[in-house]
Each structure stands twice: as structure tokens, then as C-alpha cells.
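**Student:** I would like to see how this sequence folds:
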Amino acid sequence: MDLEKIMYGAAIFSTIALVIIIATDNTDLIENESWMIEETCLGSHSSDISHIHSNLAIFIDGSEVSLSQNIGIADDFCPDGMRGIHTHDDTGRLHIETPSEIDAPVGAFFNIWGEVFNSNQILDNVADSNYEIVMYVNGDINEEFENYIMSNNDNIEIYYSQK
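**Tutor:** The predicted structure follows:
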């Protein structure tokens, strides 16, 4: 009988927590999706790898956010190498390097960076009735957000601004 009460209580608690997450649109409580490229750790550059580049620019209320240098290099997951998507400098140029061709979604870079990006949130900024998130790829609106698979020489711009 006590186990039944515990199970019933846990079910009620889980339901209430899910309703709160959905009602408040609290994306901080929902983990980002992960992708295979996040597991890539290369020891060095070599001619045997796939190596392409995309450019990423983020604008919050009209101000550009600077991407740090060495995102995804010598981090906790890959202490002696480079993750599948990384930066070398602060220009926004993303290096996509893998031992074979692996999809490189924009969201995977944000996961490697330790930041949030999806249709409802960019960094600490959440879309609501006053603000929206819009993503452009090569000048065209793209609604794939974190799921967009980057291609060589893509120019990706993400805007968080008033509607």
C-alpha cells in the first residue's frame, strides 16, 4: 500500500511539473537535443578529415554578440583536441571538422558552447509576445532554427528583437 501511494504521488508531481514547464514556456528546464557531431574530438588538423566553414552572427536588440575564440577547443569533453564544431578566433567563423561527413546542425554548436538556441530562446533571451527570434541563412529566412544543417560557406544570422 505504501509503494502505491509513493507511485501515485510521483505521478502527480511529474504531471504538475510538466504542466508548469509547458505553461511557462521555461526552456531552461528542457535540455537541448544532442547530435552525433558533438561527440567528435579530433587531436589535430589533418588532410584526412572533412573541413568546412560557416559564419555565425547573433544580434540581441541590435547589438552583435561576440563569439569567443576557442569554443570547442580543449574543453572538458575534448581536453587535448577540437570538437566537431569549434572556433579559433572571435570572428564568428565556425570550423566544422570531422573524420567523415557528419551533419552539423547549428544547435550542436550551441550545445558545445554551453548555450541555448531554439525557436523560443537564444542565449538567455526568450521569445514572447513582444520579442521574436528570426534566423537567416544566406539572406533567406530559415525556420529550422537549431536543426538547420550547416553547409560550407553558409552565412547564418540570428536576431532577437522586438516584433
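**Student:** just the C-alphas of stretch 34-41, formatted as PDB.
**Tutor:** As requested, C-alpha coordinates have been extracted for stretch 34-41 and formatted as PDB (Å, rounded to 0.1, in the frame of the first residue of the first chain):
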ATOM      1  CA  SER A  34      22.100  16.400 -28.900                       C
ATOM      2  CA  TRP A  35      23.700  15.400 -32.200                       C
ATOM      3  CA  MET A  36      26.500  12.900 -33.200                       C
ATOM      4  CA  ILE A  37      28.900  15.700 -34.200                       C
ATOM      5  CA  GLU A  38      29.000  16.800 -30.500                       C
ATOM      6  CA  GLU A  39      30.900  13.500 -29.800                       C
ATOM      7  CA  THR A  40      33.600  14.200 -32.300                       C
ATOM      8  CA  CYS A  41      37.100  15.000 -30.800                       C
END
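**Student:** can you list the buried residues in it?
**Tutor:** Using 16 or more other Cβ atoms under 10 Å as the test for burial, stretch 34-41 gives 35, 37-38, 40. The way it works is simple: take the backbone N, C-alpha and C, and place the C-beta from them, glycine included.
**Student:** stretch 141-161 now?
**Tutor:** 142, 145-148, 150, 154, 156-160.
**Student:** residue 88 - that's part of a strand, no?
**Tutor:** No: read with DSSP: H, G, I helix; E, B strand; the rest coil, residue 88 is coil and lies in no strand.
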